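>>> for reference, the sequence and a predicted model appear below.
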Amino acid sequence: GPEFEPAAIEAIFKASQGIPRRINSVCDRVLLLGYMESRKRLTLLDVNEVVREFTEESEVPTRKGLAPARPTHGGGGASHVDALDVDLESLSVDAEVVGGMLNRISRLDAQLDIDRVLRLEQAITRLEHTSSQTLSMLKELVSAVSRSRDRSDS
């Protein structure tokens, strides 16, 4: 099977910050690169190439000739659209498509609210269960102490 050189392993750990899910992502991509190039030994250069690809894939494109917009904090700041540096003038979208998109966004937002409520309900149910068990054990303890005291008083 494929073999990672020690420097590649260190680079994977550093790039992934030791987070297992990220380690898997980087390793999967490096293994794919090795497979595509029919190589058995995977090097630091391979890892660096994969990390560069991940970085490029996660970048937000900017308008040509303009510096990337920076979101400002406080009153009168840039909107989210400005922060992403989207050229709204170049967009041409049918009103029906926009309406459909807004409708889907609203449904997704509502689903997020429902999911949040369900998670809260599950957490409350777990807390109620734990409280009930604690109360039951406390009753048993008080009852045992009471029986013990009754026996010692007789």
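Nice, thanks for sending it over. Numbers count the residues shown, from 1 in each chain.

>>> geometric centre of this structure: which residue is closest?
Arg21 (10.2 Å; CA atoms, centre = their mean).

>>> does it count as helix, strand or coil?
Assigned by DSSP: H, G, I helix; E, B strand; the rest coil, the conformation of Arg21 is helix.

>>> per-residue confidence for it?
Note on Arg21: pLDDT of 92.

>>> for Asp150, see how far away it is.
58 Å (CB to CB, to the nearest Å). Yep, even glycine has a C-beta here, placed from its N, CA and C like the rest.

>>> of all the residues in stretch 45-54, which ones are buried?
46-47, 50-51 (16 or more other CB atoms under 10 Å).

>>> helices and strands of the chain: which one bottoms out on pLDDT?
Within the chain, confidence by mean pLDDT, DSSP states H and E is lowest for helix 80-84 among all helices and strands, at a mean of 52.

>>> where do the strands sit along this structure?
In the chain, strands defined by DSSP state E lie at 3-4, 41-42, listed in chain order.

>>> which elements pack onto the first one?
The contact analysis (3 or more CB pairs under 8 Å, 6 or more residues apart in numbering; DSSP states H and E) places strand 3-4 against strand 41-42.

>>> paired strands for the strand it packs on, with orientation please.
Paired with strand 41-42 in the same sheet, following DSSP bridges, are strand 3-4 (parallel).

>>> tell me the mean pLDDT over the partner strand?
94.

>>> where does the protein have low pLDDT?
Residue ranges of the chain with pLDDT under 70: 60-89.

>>> ok, now with 80
Regions of the chain meeting the criterion pLDDT under 80 cover residues 58-95, 97-99, 108-110, 112-113, 115-123, 127, 154.

>>> that one: helices as residue ranges?
Assigned by DSSP state H, the chain shows helices spanning 6-16, 20-36, 44-58, 80-84, 95-153.

>>> what's the neighbour count on the residue nearest to Lys40 when sequence neighbours are not counted?
Closest residue in space to Lys40, ignoring its immediate chain neighbours: Pro2 at 5.5 Å, by CB to CB, 6 or more residues apart in numbering. Other residues near Pro2 number 12, with proximity taken as other CB atoms under 10 Å.

>>> run through the residues that contact Pro2.
Pro2 is in contact with 31, 34-35, 39-42, counting by CB atoms under 8 Å, 6 or more residues apart in numbering.

>>> again, only this time at 10 Å
Pro2 is in contact with 27, 30-31, 34-35, 39-42, counting by CB atoms under 10 Å, 6 or more residues apart in numbering.
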